[in-house]
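Chemist: just need the structure, nothing else, for what follows:
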Amino acid sequence: MIESIDIGTATQPEKLYTRLEAVVQKLGTPKGKPVVEPSPQSTPPRSAADSLVLHLAARSSKGTWNEFPVENWTILPRDEAKKLLPVGDVKVGTSWELNKGVTAPFLKNFLPNGFAYASYHKTTIEEQSLKATIVSVEKGIARARIEGNLKLKHKTLDFNVSPPTPIDQFAQMAIVGYIDFEPVEHRVRSFRLLADKATAREGQVEYAVGLRSMPR
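Modeler: Residues are numbered from 1 along each chain as shown. The predicted structure follows:
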């Protein structure tokens, strides 16, 4: 064995870099190009050109394994994406509730690492509300501010007892964001949501979730 390092130290960039530099000096490793070029580890699935492609990333700032990000993709065909928009006149001050059937599939993924990797982990929405209010309409583009709340019930197993028994855990958070769209064409231009103070496991896990539409 050349070198070893515990997970806690490995999550601290400066300490990890120091240990790696020591290994380079010990082995006399010459500089060179990386064997594998850096690239995204999560890529969107194939979709129609007019689909709304949503990328979600969730990450905790505390703990070790919690710090590894979770990424998910949601594809909304244009007909589905249109359901996020208001019906009727579009003007500053207009408010509406985002379609719950459209938002539910990606809201179920607003969970931190370790919650959705096993088949026995089932997630349901206990409460969801995303209200949009138009704040500007300029040059054919309307922008609406989004505010809401989300509560998820997460079915898992309690490994503190033997044998493990099923339990319910909850994640909850406030959500803010915005949506830009073309009122005439009923087309979503940009869509973003942020839950920067989400909690799970009765507050033991603190994490953040960001969702954004990808440019085509």
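Chemist: who does whichever strand or helix holds His154 pair up with?
Modeler: Here His154, judged by DSSP states H and E, is contained in strand 141-158. Using DSSP bridges, the strands paired with strand 141-158 are strand 122-138 (antiparallel), strand 165-182 (antiparallel).
Chemist: any idea which of these is most buried?
Modeler: Among those, strand 165-182 has the highest mean neighbour count (mean count of other Cβ atoms under 10 Å), at a mean of 17. All C-beta atoms are positioned from the backbone trio N, CA, C, and that covers glycine.
Chemist: which parts of this protein belong to which domain?
Modeler: 1-36, 40-213 (automatic domain parsing).
Chemist: mind listing the strands for the chain?
Modeler: 52-60, 70-76, 95-97, 122-138, 141-158, 165-182, 187-200, 205-213 (DSSP state E).
Chemist: biggest helix in this structure, by residue count?
Modeler: helix 13-27 (DSSP state H).
Chemist: quick one: distance of it to the chain centre.
Modeler: For helix 13-27, the separation from the chain centroid amounts to 32 Å (computed by Cα atoms, centre = their mean, to the nearest Å).
Chemist: same check, this time on stretch 198-212
Modeler: Distance, centroid of stretch 198-212 to centroid of chain: 10 Å (Cα atoms, centre = their mean).
Chemist: show me where pLDDT drops low in this protein?
Modeler: In the predicted model of the chain, residues 62-67, 116-120 satisfy pLDDT under 70.
Chemist: contacting residues around the residue lying closest to Glu127 once chain neighbours are set aside?
Modeler: Excluding the flanking residues, the one nearest Glu127 by Cβ to Cβ, 6 or more residues apart in numbering is Lys151, at 4.1 Å. Applying Cβ atoms under 8 Å, 6 or more residues apart in numbering, we find Lys151 in contact with 125-128, 170-172.
Chemist: would you mind putting those residues into a markdown table with distance to Ile75 alongside?
Modeler: A markdown table is the format used below for the contacts of Lys151 (distance: Cβ to Cβ, whole Å):
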| residue | distance to Ile75 |
| --- | --- |
| Ile125 | 20 |
| Glu126 | 25 |
| Glu127 | 25 |
| Gln128 | 20 |
| Phe170 | 28 |
| Ala171 | 24 |
| Gln172 | 27 |
